[in-house]
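# okay, predicted coordinates and the sequence, questions at the end:
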There are 2 protein chains.
Amino acid sequence: MSDEENIVDPSHPRYESLMIRKKVAEAGVKGMLADSAMIAHGRGEAFDYLLGEQTIPSAREATKEAAARLVRARKPVLSLNGNAIALAGQEFLTIASQLDCPVEINIFYRTPERMGALLGHLKMLNTKLGLDVEILGGVPDARIEGLEGPRGACQSNGIFEADTILVPLEDGDRCEALVAMGKEVLVIDLNPLSRSSRGGTVGIVDEVTRVAKNLIQMIPQKPQPTDWNNNQALQAALNHITTSMSDRFA
Amino acid sequence: MSDEENIVDPSHPRYESLMIRKKVAEAGVKGMLADSAMIAHGRGEAFDYLLGEQTIPSAREATKEAAARLVRARKPVLSLNGNAIALAGQEFLTIASQLDCPVEINIFYRTPERMGALLGHLKMLNTKLGLDVEILGGVPDARIEGLEGPRGACQSNGIFEADTILVPLEDGDRCEALVAMGKEVLVIDLNPLSRSSRGGTVGIVDEVTRVAKNLIQMIPQKPQPTDWNNNQALQAALNHITTSMSDRFA
């Protein structure tokens, strides 16, 4: 990242979005991300732009539902990929501490270097926050059924045995495989049309750092789960986008 | 880019999109792109996904209008940034040859290294295609009025004196500054709501390699310019997106 690119003007109308982008770029420099992570982040930026870079009402409801199901869970786990750790590693450790559950690093393009960088970053944040959250993923000993190769690797005391999993920014295949294993899958994804959003138990159509901050507020209130209609919530997100596109140039 | 990321399965439903992405990643490795280029590409991917990764009818009309105005122009120029060169450098040289006009490299984050990599790449393509297109941008001697710093640098025999400019993937500020100088600005941008799309004379809401290939077909047919209603064309693109989002989960 060049010096010029590093400077973000606080008066810029998209300041928050540019600061979030900066976090991704910095994590890239630290070796925490796959090359495709920047492209994935850009895709998310476009959808967030269409949502008005805000938590829309249906996303707030979905976040509350996710909080309720995490609180109710017998064995919850937070599945974190590189972008989730780069953007909200601190917040996810806080959530895991609230829930007294582990986090598990689960990345699509697994290399020892990237796993090492992500483990090191989370351990550093654990210390910084004075927390003792269990960080899994480094020594996989089980497999997500139906996924080939390193993408299916997981830990038995984490994702494999969990009944409820929070998956920010998850690949569609893996989301579907986790649902097929009978787990409650709580998805954070800015694209309401993605297979992850559609395939999960609860799809939260919102930016990951905003969701993480909302969860930290909501979990201590111990909300109650409802009969969640995921399709209805996703259509509400689409309707929010389409309403903002109607008659723009009339 | 890791080996795993480099493999694109031709049976993948988004094969074309993944091959386009691969070109951007490879140009990044060659030093042709700013760090933000991958994020910008991801934003484009999201809009292309919403358009169905196809040239929609209003975009085809806009491309034909752009072809007509390039053919009519007294002094046209193609303004190329890193992503445009990475994705369709060969096609833009072909178009410049058809129009007998120069291309000018005009990048937002200008460094000598990046300019050198882009100039070298275009020169290599010129030779490969057996063309002799003039490649400007290396020795700026004029300024786009109203833009501070290196972003305003341009060449007098290129962008500065041109009456009609094709700008793929342009920054909103620069697009507006070129329009304010009285030029016809033909914009390629997948976001129909961007300042570039809205501020340009003709906004083509389509993916840059598809547009470049369409222009190569259309220019020899010498189409006639019309009274172009840019807002109407942009609203048509928005309507295409919103129609595809209606009642998806009904």
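Nice, thanks for sending it over.

# ok, residue A:179 touching residue A:199?
Yes - when contacts are counted by Cβ atoms under 8 Å, residue A:179 is listed as touching residue A:199 (5.8 Å). From N, CA and C alone the C-beta is placed, and that goes for glycine too.

# what about residue A:189, distance to chain B?
Taking Cβ to the nearest Cβ, to the nearest Å as the measure, residue A:189 falls 12 Å from chain B.

# from what I can see that residue touches residue A:166, true?
No - if you go by Cβ under 8 Å, residue A:189 and residue A:166 don't touch, sitting 11.8 Å apart.

# how close does residue A:155 get to chain B?
With Cβ to the nearest Cβ as the criterion, residue A:155 and chain B are 21 Å apart.

# residues in contact with that residue?
Counting by Cβ atoms under 8 Å, 6 or more residues apart in numbering or on different chains, residue A:155 makes contact with A:104, A:136, A:137, A:139, A:140, A:141, A:142.

# quick check: beta-bridge partners of the residue lying closest to it once chain neighbours are set aside?
Among residues not flanking residue A:155 along the chain, residue A:136 sits closest, at 4.5 Å (Cβ to Cβ, 6 or more residues apart in numbering or on different chains). For residue A:136, the beta-bridge partners under DSSP bridges are residue A:104.

# what's near enough to touch residue A:136?
If you count contacts by Cβ under 8 Å, 6+ apart, residue A:136 has them with A:77, A:102, A:103, A:104, A:105, A:155, A:157, A:158, A:159.

# residue A:189 and residue A:166: which has the busier surroundings?
Legend: neighbour count by other Cβ atoms under 10 Å in any protein chain shown for residue A:189 and residue A:166, higher for residue A:166 (33 against 26).

# and the gap between that one and residue A:102?
The gap separating residue A:166 from residue A:102 is 12 Å, by Cβ to Cβ, to the nearest Å.

# and for those two, which residues touch both?
With Cβ under 8 Å, 6+ apart as the test, residue A:166 and residue A:102 both reach A:77, A:78.

# give me the element residue A:203 is part of.
Taking DSSP states H and E as the criterion, residue A:203 maps to strand A:202-204.

# is any residue of that strand near chain B?
No - using Cβ under 8 Å from any Cβ of the partner chain, strand A:202-204 stays clear of chain B, with a minimum separation of 10.4 Å.

# what's the following helix or strand after that strand?
Immediately after strand A:202-204, counting by DSSP H and E, sits helix A:208-218.

# now do the contacts for residue A:169.
Per Cβ under 8 Å, 6+ apart, neighbours of residue A:169: A:40, A:44, A:81, A:83, A:84, A:188, A:189, A:208.

# ok, so of the contacts of residue A:136, who is nearest chain B?
For the contacts of residue A:136, the residue nearest chain B by Cβ to the nearest Cβ is residue A:105; the value is 16.9 Å.

# ok and the residue in chain A nearest chain B?
For chain A, Cβ to the nearest Cβ, closest residue to chain B: residue A:42, 2.1 Å.

# helix, strand or coil for that residue?
helix (DSSP: H, G, I helix; E, B strand; the rest coil).

# I'd say it and residue B:43 touch.
Yes - using Cβ under 8 Å, residue A:42 is in contact with residue B:43, at 4.4 Å.

# show me what contacts the residue nearest to residue A:181 when sequence neighbours are not counted?
Setting aside the residues directly before and after it, residue A:181 is nearest to residue A:145 in space (Cβ to Cβ, 6+ apart), at 5.8 Å. Residues near residue A:145 by Cβ under 8 Å, 6+ apart: A:152, A:177, A:180, A:181.

# tell me the two of the contacts of residue A:136 that are most distant?
The distance between the two most remote of the contacts of residue A:136 (Cβ to Cβ) is 13.9 Å, for A:105 and A:157.

# show me which of the two is the more surrounded one.
Taking other Cβ under 10 Å, residue A:105 and residue A:157 do not tie; residue A:105 has more neighbours (25 against 16).
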